[in-house]
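*Asks:* quick check, what structure comes out for this input:
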Amino acid sequence: MTTYIGTATSRVDGRDKVTGAARYAGEYSAPDLAHASIVMATIAKGRIKKIDTSEAHNVAGVLAVLTHDNRPPMADNDKAYKDDVAPDEGSPYRPLYDGEIKFNGQPVALVLAEDFETATYAASLVRVDYDEEPPVTDLEQQLRNTVALDPPAKPRGDAAKAFAASDVRHDAGYSVPIEHHNPMELFASTAVWQDGKLTVYDKTQGVQNVQRYLCSVFEAKPDEIRVMSPFMGGGFGSGLRPQYQVVLAVLGARALKRSVRLVLTRQQMYMVGYRPGMVQRIQLGAKPDGTLNAITHDATTVTSRYEDFHRNETTWSGLLYKSETASYTHKLAHLDLPTSCDMRAPSAATGVYALESAMDELAVALKMDPLELRLKCYSDRDQINGLPFSSKNLRECYSQGADAFGWSKRNPEPRSMRDGNDLVGWGMATGVWEALQVPITVRITLTANGHAEVACATSDIGTGTYTIMAQVAADMLGLPIDDITIKLGDSTLPQSPVEGGSWIAASVSNGIVTTSNAVRDELLKMSQAMPDSPLKGAKDDDVVLANGAIASRKNPRSTIPIAEAMRHAGVDRITQEKATEFANDGKHAHNTHAAIFAEVKIDEQLGVIRVTRLVSAVAAGRVLNRKTARSQVMGGAIWGMGMALHEETLIDHRFGRVMNANIAEYHVPVNADVHDVEVIFVDEQDDIVNPMGIKGLGEIGIVGVPAAIANAIYHATGKRVRDLPITLDKLTREA
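*Replies:* Got it, this is the predicted structure:
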């Protein structure tokens, strides 16, 4: 029988995507479909004095112009606008709720028309007068007015005293700008109206989260709103929370009592969340042999005035490096911007950048190889909680990654390696992420003709969830993968949380195992009821589903075809729906790890930087699909290149408005920037994290990459740039 788990299986939804059969949120239609366009605020702080919609109303084909003054009813309390992943503190943004302006680009009116062009034109005719207040959107300007959060971890010893007494000390600040997700698919919602009920096709990473949110905001019954998102053209965290366009689409549909589609423009995509800009300070104290005495990591990150979004930026060192003393602090800077949000490997991508840059600088001060220093400080325990890891094969990542890269040939002296007119630099860094898992429910329907439908409300945000679900189900049910149908992205399906944090692959795969075992157990009972059954007396775990039959593990010849067992029982289908939860024994830390090695070549005269080689060696438990897994890690590595060299959201602080709200001026890596990227999966068996030994791969690919590139740039040039992105003007500026 073919085994699918662990193989390089092509995407089961690939054909639909390349032929256009896969439909996205903005591609659904309805017979009476109206189109919507948003009018955006042109100030960052203040109140609306007056909205003049008369010119827009006079345009032929305009159906309505909604403002906070004439919109349909919405809930009037903060709790109603709290979705499943909203920050604990603060008041969530309420789209088109009142006249207060919280950020530049905020929706202030919604034009509804018979076609998109009319709606867009009419929106340009809406006139808004404001009472404007001076905004603050510059993190540097707000550093003296920050709010301290509770310490992210209990300090170990007296880090300040240990740092002061250390033989070798490193103390530096590192900064990361605001960055935006920029997925290919724009945020869109199509609200299909039918007899007072709505089916909402939404771009989201969690259909049930959006469904509950909409029911709460509009005080609707659960059966009155259904949310669907079978395909998503990239989310990267931006779709974890319901975005304002889904509220406005439903608002329009309820106002017109007909279907409405709203697709954001690329410019408007810059008003729905972002990776928070931040400044960090790290102090490392060490003995001459590299033993760490002290680590302090302080961070200040950006959020809005109205919500306290934050993640734990500072404690990653406790998972990687031994130190008797450590302290961590985190502050928030409230700005007149939308609320920041999760973006691929939130907190790790940024916090580990600073940590791994600082470790490289410490290695230079110690005159020690950067890899040797990391091995010297290697920790086999999570020092934050004092727990051993369920598995941590990071040493092997270092070894295999270094061998593949040729690290032993590195000349440690900066500016010592050349290729013609190019300075050559080699740098490395460590990556770490959480191995998370969440409660989930899976339904399986098996028919007598050998076909299975696997259903769960989870999303496929482009990572390959359809495929790994089909692979696991095929192996567990003993069927060809072509006989498996996957249903997901529908709020009416069995329970699933949002897809994020790299937790869905592990969660839904183990959920499929749970439900498949229930199907197997039901088939065993049917088989044992047959006359002269060869499986009489067998226990549940004594049998397996394989090759369309239920068979004894001990004696493969003792088999009964599934169709025969079901026919004897007089049933044509078996349906099982089971919930899976993941017990935490409280005795182990669960993490994925990586070692990244980077080569850069820099034109000595022009300062142009090219990343010519990247090697990422990853230990992430059992790999379900080596093809899609490699794609995920490689994509993360390329994004890390973007963080290091390209990405930066630029704001005109006079107006609080994003100046480069387009892909032309918000730079990301393109094909010409990407050269040799090698991904190595280091074998790692984990019998503790979950029954299948799976750890997520979505986030780990980016973590550590910006630091590895930054460290390579220092090695090439002898110049340390601590504020991302590293651009040629920073390489040529005076110290």
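
*Asks:* what strand or helix carries Ala119?
*Replies:* helix 116-123 (DSSP states H and E).

*Asks:* just the residues contacting that helix, thanks.
*Replies:* Helix 116-123 is contacted by residues 35-39, 55-57, 59-62, 65, 109, 111-113, 263 when judged by CB atoms under 8 Å, 6 or more residues apart in numbering. All C-beta spots, glycine's among them, are computed from the backbone N, C-alpha and C.

*Asks:* filter those residues down to the buried ones.
*Replies:* 35-39, 56, 59, 62, 65, 109, 111-113, 263 (16 or more other CB atoms under 10 Å).

*Asks:* please, where are all the strands along the stretch 251-400 of the chain?
*Replies:* 260-263, 278-286, 292-304, 325-335, 381-382, 387-388 (DSSP state E, counting those that start in this stretch).

*Asks:* identify whichever of the ones you listed lies nearest to Val128.
*Replies:* Among those, strand 260-263 comes nearest to Val128, with 19.2 Å by CB to CB.

*Asks:* packing partners of the closest one?
*Replies:* Taking 3 or more CB pairs under 8 Å, 6 or more residues apart in numbering; DSSP states H and E as contact, the helices and strands that strand 260-263 lies on are strand 34-40, strand 188-194, helix 244-256.

*Asks:* of these, which approaches Glu665 most closely?
*Replies:* Judged by CB to CB, the one of the helices and strands packed on strand 260-263 that comes nearest to Glu665 is strand 34-40, at 18.2 Å.

*Asks:* partners of the closest one in the sheet?
*Replies:* Here strand 34-40 has these sheet partners by DSSP bridges: strand 107-113 (antiparallel), strand 260-263 (parallel).

*Asks:* figure out how far the first one is from the centre of its chain.
*Replies:* Spelled out, it's strand 107-113. Its chain's C-alpha centre lies 30 Å from the corresponding centre of strand 107-113 when counted by CA atoms, centre = their mean, to the nearest Å.

*Asks:* report the rounded mean pLDDT for it.
*Replies:* The average of the pLDDT scores along strand 107-113 is 99.

*Asks:* and the angle for it with helix 244-256?
*Replies:* 50 degrees (axes from the mean of the first three to the mean of the last three CA atoms, to 10 degrees).

*Asks:* mind checking pLDDT for Ala735?
*Replies:* 61.

*Asks:* whoops, I mixed them up, Asp687
*Replies:* 95.

*Asks:* burial measure for it, as a count.
*Replies:* Residues lying near Asp687 (other CB atoms under 10 Å) number 11.

*Asks:* again with Glu604
*Replies:* Using other CB under 10 Å, Glu604 has 14 neighbouring residues.

*Asks:* surely it touches Asp422?
*Replies:* Yes - counting by CB atoms under 8 Å, Glu604 does reach Asp422; the two are 7.0 Å apart.

*Asks:* the longest helix in the chain is where?
*Replies:* As assigned by DSSP state H, the longest helix anywhere in the chain is helix 504-528.

*Asks:* helices or strands up against that one?
*Replies:* Right, helix 504-528 is packed against strand 440-447, helix 465-477, strand 543-546, strand 549-552, helix 562-569, strand 573-580 by 3+ CB pairs under 8 Å, 6+ apart.

*Asks:* returning to what we had before: distance to Ala148 for the strands paired with strand 34-40 - can I get that in a markdown table?
*Replies:* Shown next, in a markdown table, are the strands paired with strand 34-40 (distance: least, CB to CB, whole Å):
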| stretch | distance to Ala148 |
| --- | --- |
| strand 107-113 | 33 |
| strand 260-263 | 39 |
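
*Asks:* what angle separates the helix or strand containing Met634 from helix 465-477?
*Replies:* Using DSSP H and E, Met634 maps to helix 626-645. Here helix 626-645 points in a direction 150 degrees away from that of helix 465-477 (the same axes, to 10 degrees).

*Asks:* packing partners of helix 626-645?
*Replies:* helix 348-366, strand 609-619, strand 676-681, helix 705-717.

*Asks:* just the ones you listed: most buried one?
*Replies:* helix 705-717 (a mean of 28; mean count of other CB atoms under 10 Å).

*Asks:* one step back: give me the angle between the longest helix of the chain and strand 573-580.
*Replies:* Using the same axes, to 10 degrees: helix 504-528 against strand 573-580 is 140 degrees.

*Asks:* tell me the angle the helix holding Met634 makes with helix 705-717.
*Replies:* Using the same axes, to 10 degrees: helix 626-645 against helix 705-717 is 60 degrees.

*Asks:* name the SS class of Asp150, please.
*Replies:* The three-state label given to Asp150 by DSSP: H, G, I helix; E, B strand; the rest coil is coil.

*Asks:* what's the local residue count around it?
*Replies:* Neighbourhood size, Asp150 [other CB under 10 Å]: 7.

*Asks:* over to Asp540?
*Replies:* With other CB under 10 Å as criterion, Asp540 counts 11.

*Asks:* residue contacts, it?
*Replies:* 517, 520-521, 524.

*Asks:* quick check, Pro480 in contact with Thr2.
*Replies:* Yes - judged on CB under 8 Å, Pro480 makes contact with Thr2 at a distance of 7.0 Å.

*Asks:* that concludes my questions; thank you for your assistance.
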